[in-house]
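Chemist: Predicted structure and sequence below. I'll ask about it afterward.
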Amino acid sequence: MEAVGFDRNKHTEEQIALALEAGRFPHAVLIEGGSPDERRSLALKITASLLCEDDEKIPCGQCHSCLKTLGGFHPDVLFYEPKRNPKTSTKNELYYVDYIREIRDSSFVIPMEADIKIAVLCEAQMMNEQAQNAFLKILEEPPEFAVFILLSSTKSVFLPTILSRVMTYTLSGEASDNNEAIPREAAYAAAESVTEAIAAPSHFEIVRAAGVFDKNGDLLKAALPIMAEIFVGALRVKYSAKEADDADPCSILASKLSRRALLKLVDDVNILSEALNMNANLNLTITRLCTLFRSASSEQE
Ligand SMILES: [Zn+2]
């Protein structure tokens, strides 16, 4: 049996192809890195290979299973995307606990045509800690026919308990440069949600908010100076007798963070800007931003 369509020159794809050829593809995997499209197309290739009926080449692209899987209508293949929680006012699309429960319920329904049932969770980094704990319960006692494929910009957002139950594959390769000018509103919205996340009770909020910079170094470059403005604004609020305004990011930060933390954040942002101008790796810079901001958020007043 030969797995075709995988780029054998790339270590990760080679590992995946070998596992498929040996019939030993794990029942729960996490694919991290690369672009959302790369992750998704790899997941589709894996899915088609797992379901293909051909004895020699998988995915053959011609059998019933391949046609249905690649056409997006195989009943035993479920692709999930983050979505809005109708029970809350938040506009964010994510995997919330009730959604994870829906995914669990459909994962437990016996497959209709194949021997296995495959659930692909796209953008799985949009799972907060609570949702991850709900998902962990599925991983702890999965139905034996289930295969779970998590796609994520990074594995760093996942709880160690999740990571210990999945096989992680890392895609290398950098994002293509996005040269379009970034509108100020977009940069401002990104800067505001990341800085507000510093004041949030859970550290996952920072990682989640910083997800907008994934593959978009230009947006990060444009947002960093605005973050600096917000931190400086917060320092100003802290030293003025101004009435705090709950809707203003500066006021929110001023009420939550110490003066020292705010000063450090201004420095952090400058360091990150410099790194980006020196062409630092984008993923590493985003990770660094999350780490720096997380340490500032632990200095709450
Ligand atoms: Zn096939």
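Modeler: Looks like it came in fine.
Chemist: For this structure, which segments count as helices?
Modeler: In the chain, the segments counted as helices under DSSP state H are 11-21, 36-51, 64-71, 97-107, 129-140, 160-163, 184-198, 204-210, 217-239, 249-256, 259-277, 282-297.
Chemist: Buried ones in the first one, by neighbour count?
Modeler: Pointing back at helix 11-21 there. For helix 11-21, burial by neighbour count (16 or more other CB atoms under 10 Å) applies to 12-13, 16-17, 19-20. Just so you know, the C-beta spots here come from the backbone N, C-alpha and C atoms, and that holds for glycine as well.
Chemist: Skipping adjacent residues, who's closest to the spatially most central residue of the chain in space?
Modeler: Nearest to the mean C-alpha position of the chain, by CA atoms, centre = their mean, lies residue 125 at 2.8 Å. Using CB to CB, 6 or more residues apart in numbering and skipping the chain neighbours, the partner closest in space to residue 125 is residue 152 (4.3 Å).
Chemist: thinking the one you found is in contact with residue 120, fair?
Modeler: No - look at residue 152 against residue 120 with CB atoms under 8 Å: they stay out of range, at 11.6 Å.
Chemist: isn't residue 93 right next to residue 83, touching?
Modeler: Yes - in this structure, residue 93 is within contact of residue 83 by CB under 8 Å, at 5.3 Å.
Chemist: which ones are touching the residue nearest to the centre of the chain?
Modeler: Contact analysis of residue 125 by CB atoms under 8 Å, 6 or more residues apart in numbering lists 152-154, 157, 207-208, 211.
Chemist: Hmm, residue 49 and residue 58 touching each other?
Modeler: Yes - counting by CB under 8 Å, residue 58 does reach residue 49; the two are 4.3 Å apart.
Chemist: Find the residues that touch each one of the two.
Modeler: Common neighbours of residue 58 and residue 49 (CB under 8 Å, 6+ apart) are 3, 20.
Chemist: hmm, back to that, residues contacting the residue nearest to residue 125?
Modeler: 30-32, 39, 123-125, 158.
Chemist: Cool, thanks, signing off.
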